[in-house]
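Enquirer: got a structure for you, letters missing:
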């Protein structure tokens, strides 16, 4: 009996395999420690990473894209306006140079005439031969419209409706050295000696004649800065163009 009690007491006090019994202080401490290192509940910090964009982030991206689009559209619009002006001034220069070659071929003075605006807002530009040699443009008295195209009086070139020939008024023509023939028409000529002259004076110009070429949106202020080209005709007929920004060489 005494031996049995000793065995029972030893099982309570501790185990012979080196592990503490559940009833001992070390055993209870081991149970508490195992509870601390066991599986934890999943909290907010353990959830999977958030994917996608918030509404605020999307709005910021849209604002940036809209700003970039506006900048790009403005640049493209400016380049388009410059292209129209460059094309118009080049066409006018080519037509003016052709006036000299037509004079040499025909042996008569040749007039370069800008007409009034038509119903579409375009101005026709024409070359006329001074067949009666009176140094005046007589459209109804024998002078010939060079290369007239059917039907009746379609001219060699028409200035686009978006182009203005004045920096201040889209319905006016800003020029120097040309004749104002009335009704919105302007004329200048090259004689059979290659000299530039105004028909109303009948003598050679003593200064460079000019003609402004700009864009209607720049005249109205919708586009800036003011950019224009200038057709220049020397006293001895020779045509050239120069580009200006706000009235200064560009």
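Expert: The structure has been received and is ready for your questions. Here the structure is a predicted model, which means the values were calculated and not measured. Residues are numbered from 1 along each chain as shown.
Enquirer: residue 163: neighbouring residues, count only.
Expert: 23 (other C-beta atoms under 10 Å). Heads up, the C-betas are built off the backbone N, CA and C, glycines and all.
Enquirer: that one contacts residue 217, doesn't it?
Expert: No: here residue 163 does not reach residue 217: they are 10.4 Å apart, not a contact under C-beta atoms under 8 Å.
Enquirer: do a quick rundown of the strands in this protein.
Expert: Under the criterion DSSP state E, strands of the chain are mapped to 110-117, 123-129, 144-145, 157-159, 163-164, 175-176, 179-182, 185-190, 196-197, 209-215, 227-233, 239-245, 248-249.
Enquirer: would you format the ones you listed as CSV with distance to residue 221 included?
Expert: Converted to CSV, the strands of the chain look like this (distance: least, C-beta to C-beta, whole Å):
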stretch, distance to residue 221
strand 110-117, 21
strand 123-129, 22
strand 144-145, 38
strand 157-159, 21
strand 163-164, 12
strand 175-176, 22
strand 179-182, 27
strand 185-190, 25
strand 196-197, 34
strand 209-215, 11
strand 227-233, 13
strand 239-245, 15
strand 248-249, 18
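Enquirer: separation between residue 166 and residue 66?
Expert: Computed as C-beta to C-beta, to the nearest Å, the residue 166 to residue 66 distance reads 36 Å.
Enquirer: again with residue 237
Expert: Noted for residue 237: a distance of 52 Å to residue 66, by C-beta to C-beta.
Enquirer: tell me which of those two has more neighbours.
Expert: It is residue 237, of residue 237 and residue 66, that has more neighbours when counted by other C-beta under 10 Å, with 25 against 10.
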